[in-house]
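**Student:** Next come a sequence and a model predicted from it.
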Amino acid sequence: MPQIIQFKKRIPGTGAPASGTGPGEVTAGEPAVSITAAGVADLYIGDGAAVRTLVSATRQVELTGNQDVGGVKTFTDTSIRITGGDDDDALFLKDENTGELEFRPISPGGLLSVNVSAPITGNGTSGSALAITRATDAQIAAGTNNVNPIDSLGLHDAVLGDVPAALDVPAGDAAADRRVIPAINELFADIGDLGDQLAAISGALRFVGNFDADADEVVSADTGTLTVGQPLPAASAANQGWFVIVTEAGTPAMPAVLMQIGDWIVSTGAAWVHVPLYHTAITAANVGVTQINTHAWGNVQTALQNIYNLAANALSSVEVDDVSIIGDGTSGDPLEVAVVDGGVY
């Protein structure tokens with residue numbers, strides 16, 4: 001037969017009663033009932049220090065202290081939260097039977113980091129931690145079997161260690177003597193020399209295009225230099241050493257001087273400078289020419305022309321046929337040519 005428990009004490013009002021022994025108060029272990037404005041009975045119990053809610057619209061059971069809960073309990077909430085205890089207290093759920101407890105981490109799982117401030121000893125097996133020991137300064141400087149040495153520049157003396165024998169090291173050249181650092185130092189020196197050469201080259205002249213001085217515009221230009229169809233830009237460090245060649249004579253706006261075909265315009269970085277390379281033809285007047293034999297050539301041009309004509313019309317051969325030319329070949333005595341026995345002599 002079910003046991004019926006009656007709560008005879010009813011507290012006036014709709015809230016929780018006060019703890020105590022006076023009228024309307026609840027003592028330790030004493031239950032009491034209070035009816036809410038909605039007509040719902042809330043059940044309270046005193047513990048000597050306060051009054052606890054046992055059953056209400058928002059709370060069904062409140063447990064304090066060490067208690068055993070028997071039977072099957074179903075929690076319909078999404079989680080069970082365990083709080084309380086000191087920093088040294090362990091909060092845990094324990095199953096002493098054959099059941100299982102499933103835990104789902106709220107934050108991403110996995111070991112993210114481990115901070116240690118003292119040596120960790122062990123052999124890595126379960127219950128024995130892995131040994132971690134800081135390398136000494138001497139080991140860092142000299143190197144160990146698993147630590148590459150560090151030189152004064154803070155670089156590995158041998159990035160890959162000794163050169164493998166498979167690389168066919170020449171005879172007499174110890175593989176262990178081949179290091180990366182000397183090569184880096186040599187390369188650094190080469191780069192320094194190259195930098196000096198580049199600095200010298202940067203001051204040299206560079207032909208970048210052609211210029212129409214009459215129209216005051218660039219006719220052609222290398223990519224990334226001048227703009228075709230536009231005047232020369234202001235001289236600057238960016239175009240120092242550039243020069244253009246004048247292809248049409250005229251007077252541009254900058255520099256405003258008469259230019260001829262073939263002249264240069266060079267940028268010094270501060271101004272465009274005209275370099276006149278064109279020269280007009282040189283003519284000579286009233287130049288006397290000494291008379292040669294009976295030829296009266298009055299000027300150099302006529303003399304050169306007549307010399308050319310003489311050379312073109314000079315006697316180059318003599319052809320004879322069945323005649324005799326008598327003489328000994330000297331001046332005024334021509335050479336004799338005769339036909340004898342069908343031959344020419």
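**Tutor:** Good, I have the coordinates.
**Student:** Tell me the spacing between N239 and A16.
**Tutor:** 91 Å (Cβ to Cβ, to the nearest Å). Yep, even glycine has a C-beta here, placed from its N, CA and C like the rest.
**Student:** now swap in T136 and tell me
**Tutor:** Using Cβ to Cβ, we find T136 at a distance of 69 Å from A16.
**Student:** For those two, indicate the residue with more neighbours.
**Tutor:** Ranked by neighbour count (other Cβ atoms under 10 Å), T136 and A16 place A16 first, with 17 against 10.
**Student:** Who are the contact partners of that one?
**Tutor:** 34, 42, 44, 51, 53 (Cβ atoms under 8 Å, 6 or more residues apart in numbering).
**Student:** And the furthest pair within those?
**Tutor:** Using Cβ to Cβ, these span at most 10.7 Å, a distance reached by D42 and V51.
**Student:** Would you mind telling me which of these two has the busier surroundings?
**Tutor:** With neighbours defined as other Cβ under 10 Å, D42 and V51 compare such that V51 has more, 24 against 20.
**Student:** pretty sure that one is touching V26, no?
**Tutor:** Yes - at 5.1 Å, V51 counts as touching V26 under the criterion of Cβ atoms under 8 Å.
**Student:** intersection of neighbour lists for the two?
**Tutor:** Each of 17-19, 32, 44-45 lies in contact with both V51 and V26 under the rule Cβ under 8 Å, 6+ apart.
**Student:** Filter these down to just the ones in strands.
**Tutor:** 18-19, 32, 44-45 (DSSP state E).
**Student:** Need those residues in TSV (columns: neighbour count, pLDDT and distance to V246).
**Tutor:** Formatted as TSV, the ones in strands among the shared contacts of V51 and V26 follow (neighbours: other Cβ atoms under 10 Å; pLDDT from 0 to 100; distance: Cβ to Cβ, whole Å):
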residue	neighbour count	pLDDT	distance to V246
A18	13	80	111
S19	19	82	111
A32	22	81	115
Y44	25	80	110
I45	18	83	112
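**Student:** On the three-state scheme, Q305 is what?
**Tutor:** Secondary structure, DSSP: H, G, I helix; E, B strand; the rest coil: Q305 is helix.
**Student:** burial count for it?
**Tutor:** 12.
**Student:** Can you verify R52 is assigned to a strand?
**Tutor:** Yes - looking at R52 with three-state DSSP, it is inside a strand.
**Student:** For T27, see how far away it is.
**Tutor:** 13 Å.
**Student:** so what sits against both of the two?
**Tutor:** G46.
**Student:** Over to N239: give its phi and psi.
**Tutor:** phi -110, psi 20 (degrees, to the nearest 10).
**Student:** Surely it is in contact with S267?
**Tutor:** Yes - counting by Cβ under 8 Å, N239 touches S267, with 4.7 Å between them.
**Student:** Those two: which has the busier surroundings?
**Tutor:** Set N239 next to S267 and count neighbours by other Cβ under 10 Å: S267 wins out with 24 against 19.
**Student:** how long is stretch 250-266 from one end to the other?
**Tutor:** 17 Å (Cα to Cα, to the nearest Å).
**Student:** Give the buried residues for it.
**Tutor:** By 16 or more other Cβ atoms under 10 Å, the buried positions in stretch 250-266 come out as 252, 259, 263-266.
**Student:** Residues touching it, excluding its own?
**Tutor:** Applying Cβ under 8 Å, 6+ apart, the contact partners of stretch 250-266 are 205, 211-216, 231-232, 241-249, 271-278.
**Student:** swap in stretch 210-217?
**Tutor:** By Cβ under 8 Å, 6+ apart, stretch 210-217 touches 218-221, 228-232, 244-253, 259, 263, 265.
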